[in-house]
Structure formats: structure tokens, C-alpha cells
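K.L.:
Give me a model of this one.
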Amino acid sequence: MGEATYYMKARFVVLNEEKQEEIKKFFIEGSRAYDFWQDNRGKEPSWFWKEFSEKFPEVTDYLLSQDGIGNDCNNSLAGLLDFGDEDAIDSQMKFEGNIMRYHAYVWHFADWNPLCSYIERRFGAVKCDWISDEYVNFFDLINI
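P.N.:
This next block holds a predicted model:
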């Protein structure tokens, strides 16, 4: 399985400590939801989604907003639950003024567009965007 470093940046009108903690809590829940999914792929869908929604209510809301919940609990979540490693979220998520910066080593076909949309809708980001190191040619960034 290929992986890449993904970088996210979100701008808020107001980014107080309470909102920062809510965002971190959401990402930690997302990381745990990813682990649960990996441990239970292919199980009976009605059991899976019942357990999932009880254990991960915020991530369930995120997935509902992206039509990410369905009968399939094997491959349907691929690319949607790539929040990064729980142990690294604290050190990889930084808040400076009204800006959140976050990076994580995730599956290289992850799509953070739905995640950014949710951060805008749920947490009030004015703008959220991302890039993967697979899409950047660092030589293009050197001005000579």
C-alpha cells in the first residue's frame, strides 16, 4: 500500500482554543474510526454501521455529509478515513492565529476534499485546502 504525506491548511475568522480542541478531537476520533474500519472490514454491514455510528458520532456526521455511509463496509471508506496516526495528531496539527496547519502520512489515494468541506461546514473554516507530496515537484519551487 502506497503512502504519502498530505498537507492541509484551513483559515478561520475566529479560531479560539475551544474550536482548536474540537478539531483535534474530531481528528483523533477519525483516526480511531480508521482503525476500527481496518479491524472490521468485511463484517456484516448492519453490525458494522451500528457499532461505527455509536463509537464515532462526529465521524459518522462527516461521512453522512459526504454520502460515505452505505451497505459496503469494506472498500467504501477508502480515502475518506485517512486522518493520520492518532499519536501524531497533537504534534502535527498547529494553530497560529486564525490558521490551522496539519500534515499526516496517509494512503496515497486519500481524498481530503470531503474532509476540507466538512471542516468548512462544521467548524466554520472560511477556506480549507490540501496537497499531497506526490503532487509537488520540489525542484519547481527552487528559483534560480
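K.L.:
Please enumerate the strands of the chain.
P.N.:
3-12, 93-96, 99-107, 125-132 (DSSP state E).
K.L.:
mind giving me CSV with those strands and columns for mean neighbour count?
P.N.:
Every residue, glycine included, has its C-beta placed from N, CA and C. Converted to CSV, the strands of the chain look like this (neighbours: other Cβ atoms under 10 Å):
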stretch, mean neighbour count
strand 3-12, 19
strand 93-96, 14
strand 99-107, 18
strand 125-132, 16
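K.L.:
closest to Leu80 out of those?
P.N.:
Ranking these by proximity to Leu80 (Cβ to Cβ) places strand 99-107 first, at 10.3 Å.
K.L.:
got a list of what the residue lying closest to Tyr7 once chain neighbours are set aside touches?
P.N.:
Using Cβ to Cβ, 6 or more residues apart in numbering and skipping the chain neighbours, the partner closest in space to Tyr7 is His103 (4.7 Å). Listed by Cβ atoms under 8 Å, 6 or more residues apart in numbering, the contact set of His103 reads 5-8, 84, 92.
K.L.:
With respect to Ser65, which of these is nearest?
P.N.:
Looking across the contacts of His103 and measuring by Cβ to Cβ, the closest to Ser65 is Met8, at 17.2 Å.
K.L.:
thinking that closest one is in contact with Asn113, fair?
P.N.:
No: using Cβ atoms under 8 Å, Met8 makes no contact with Asn113, being 10.7 Å away.
K.L.:
pLDDT of the helix ranked longest in the chain, averaged?
P.N.:
Longest helix in the chain by number of residues (criterion: DSSP state H): helix 17-40. Average pLDDT, helix 17-40: 98.
K.L.:
ok, and for it, which residues are buried?
P.N.:
By neighbour count with 16 or more other Cβ atoms under 10 Å, helix 17-40 contains the buried residues 19-20, 23-24, 26-34, 36-37.
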